[in-house]
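Participant: Sequence and predicted structure are below.
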Amino acid sequence: MAQPENYNPMIYDAMRESANRLVGEYTYLANRTDDMVMRNALLDAIRGVRQEIAMTDADSRKDVEAKTAEFASRAANMRNFRINGAQMARGHMATSAMARPAKQTQEQML
């Protein structure tokens, strides 16, 4: 597909950056869980994001912009689950990764 004159190839870079943020959220959780099933699911999700990037038509402004918005939304959702804790993530694959006990007690910190 030929690119229209107003197509800015930097939007593809923006899509890749949006995907990298999502991969970062998955990686953060995968590195902090002791649950191997969850870790494998998160690693599969990372592979899935990479496949989605490869399947996106880099010459289609519409496709690239749609995928950028989707990746950004998914990354924001994962970040909210990570930041707001398990109470928000019940039933979500991030639950046990966020429910890990703290490494230090308050007594140890004093």
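Facilitator: Thanks, I have it.

Participant: how distant is the longest helix belonging to the chain from the center of its chain?
Facilitator: Ranked by residue count, the top helix of the chain under DSSP state H comes out as helix 61-84. For helix 61-84, the separation from the chain centroid amounts to 7 Å (computed by Cα atoms, centre = their mean, to the nearest Å).

Participant: Return the set of buried residues in the host helix or strand of Arg21.
Facilitator: Per DSSP states H and E: Arg21 is located in helix 10-30. Residues of helix 10-30 classed as buried: 12, 15-16, 18-19, 22-23, 25-26, 29-30 (neighbour count, 16 or more other Cβ atoms under 10 Å). No exception for glycine: its C-beta is placed from N, CA and C like everyone else's.

Participant: Just checking, which helix or strand of the protein averages the lowest pLDDT?
Facilitator: Lowest on mean pLDDT, DSSP states H and E among the helices and strands of the chain sits helix 95-98, with a mean of 41.

Participant: Which strands or helices does the helix or strand following the helix holding Arg21 pack on?
Facilitator: Proceeding C-terminally, helix 10-30 gives way to helix 36-55 as the next helix or strand, assigned by DSSP H and E. Where contact means 3 or more Cβ pairs under 8 Å, 6 or more residues apart in numbering; DSSP states H and E, helix 36-55 is packed against helix 10-30, helix 61-84, helix 95-98.
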